[in-house]
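Q: Mind looking at a prediction? Sequence and model below.
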Amino acid sequence: MRIYSITPDDEFKEYAEIEFKDEHQESILESWLENNPEKIIENGALLIIGRQVTTNLGGFIDLLGIDRQGDLVVIELKRDRTPRDTLAQSLEYASFAEKLGYEQLDEIFRNYSGDEALNLAQYHREYFNLISDEAVVFNNDQRIVIVGRRVTPEIRQTSAFLRKKGVRVTCLEFTFFRADGGLRLLSTNIVVGNEPEGITKVSSSSLPVISESEFLASLDDNGRIVFGKLLAWAKTNSFPIHWGTKGFSLNVDVSGTHVAFCFGYQPKSVYRQSIYSALIGRGGLLSKTGISEQEIQLLYADAQDSGLFVPAGRELKCLINREFSEEEFETLLSWLTRLTKEIQKHGLKGQDENIEPDPSNHQ
């Protein structure tokens, strides 16, 4: 492919194509694809759930994604492998992905995101903005995306054959250009389109964890005030703060085990600028502590009655999209304080004795 700019004199000026490997490593292209998943396939966005995912045969999937329907997408960079090796490895990785159940996908996603509280099904639904009655079956089918600077005729022909046999393969070529003034262009072209014994342990490299200063800088004025006060309150009361890729969790230390009671998210996360409860969902207070279901339901109802929280799947969310009054913030802190006291009162699920609150941790 040749790309031109048009000068003021209506002349064509060609951009210079650059060998990708001369200026970049494959890991940079991998990061580009990871940060622009909507550019990978031709018929919709992707949710990336893993990078360098370890397979049962010791290989590493460059990127693992899920499409809107819940199907897995194995994304492989061609690198300098032969066409035969490229296709064989892609098929091997797809055969691994086909065996993954929902629990394993959820584990991959939580390892990748660095947030143990994330729930893949809920995150997927919000990421794709699914309507309430839109059903999703995870990993009902798999597809392969092969990405390279040049997709050879052998790969094209074999990929087209696999598609006819029902194996969903997409081949994506890219070309890197540089113009005067340092302008960089990346051209992509889909050259092969996409037509319409269990794995016990998987791992994935993680996204970088956000810092407190980075988190606060990402907020708007309303968010900085509310989250600034909330974090100060947590530090004053010695509640452990765990930072993830898009936000944080506030925790109570119960005999060395940190129990999350709420989560805070930044505006660019799927959850937007908000505070989420940790009552009922995976790893929530109902499953992790001795608090009874009746007490959880009462806490849930009181949070709704406050006017600050609304249902979000099985949990509650408090959107920070406006200025909060001092009275509203005190109401929020009062409810969160109740959560911490209930956790300390009842302790972890299965403990024989309740754990009494530590007066030094509360004002």
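A: That came in fine, so what should we check first? Please read these numbers as outputs of a predicted model, since none were measured by experiment.

Q: Asn119 reaches Arg282, doesn't it?
A: Yes - judged on C-beta atoms under 8 Å, Asn119 makes contact with Arg282 at a distance of 5.2 Å. Just so you know, the C-beta spots here come from the backbone N, C-alpha and C atoms, and that holds for glycine as well.

Q: Find the residues that touch each one of the two.
A: Each of Asp106 lies in contact with both Asn119 and Arg282 under the rule C-beta atoms under 8 Å, 6 or more residues apart in numbering.

Q: So, low pLDDT: which residues of the stretch 51-200 of the chain?
A: Residue ranges of the stretch 51-200 of the chain with pLDDT under 70: 79-80, 178-190, 194-200.

Q: The same query, at a cut-off of 90, please.
A: 77-87, 113-119, 122, 126, 128-136, 146-153, 155-156, 159-160, 163-168, 170-200 (pLDDT under 90).

Q: Buried residues, the lengthiest strand in the chain. List them.
A: In the chain, with assignment by DSSP state E, the single longest strand is strand 168-178. Using 16 or more other C-beta atoms under 10 Å as the test for burial, strand 168-178 gives Arg168, Val169, Thr170, Cys171, Leu172, Glu173, Phe174, Thr175, Phe176, Phe177.

Q: ditto for stretch 252-272
A: Of all the residues in stretch 252-272, those buried under the rule 16+ other C-beta under 10 Å are 252, 254, 259-266, 269-271.

Q: quick one: Thr170 and Leu332, what's the gap?
A: The gap separating Thr170 from Leu332 is 47 Å, by C-beta to C-beta, to the nearest Å.

Q: ranges for the strands of the stretch 201-350 of the chain?
A: 203-205, 241-243, 247-254, 257-265, 274-277, 310-312, 315-319 (DSSP state E, counting those that start in this stretch).

Q: Columns distance to Gly228 and mean pLDDT on top of those, output as TSV?
A: Converted to TSV, the strands of the stretch 201-350 of the chain look like this (distance: least, C-beta to C-beta, whole Å; pLDDT from 0 to 100):
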stretch	distance to Gly228	mean pLDDT
strand 203-205	32	72
strand 241-243	13	94
strand 247-254	13	94
strand 257-265	11	94
strand 274-277	13	95
strand 310-312	23	92
strand 315-319	15	94
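
Q: What is the neighbour count of Phe12?
A: Neighbourhood size, Phe12 [other C-beta atoms under 10 Å]: 10.

Q: which residues touch the spatially most central residue of the chain?
A: Nearest residue to the geometric centre of the chain (C-alpha atoms, centre = their mean): Ser113, 5.2 Å. Contacts were defined as C-beta under 8 Å, 6+ apart; by that measure Ser113 touches Ser206, Leu207, Gly244, Thr245, Lys246.

Q: want to throw those residues into CSV with distance to Lys349?
A: Converted to CSV, those look like this (distance: C-beta to C-beta, whole Å):
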residue, distance to Lys349
Ser206, 28
Leu207, 30
Gly244, 24
Thr245, 28
Lys246, 28
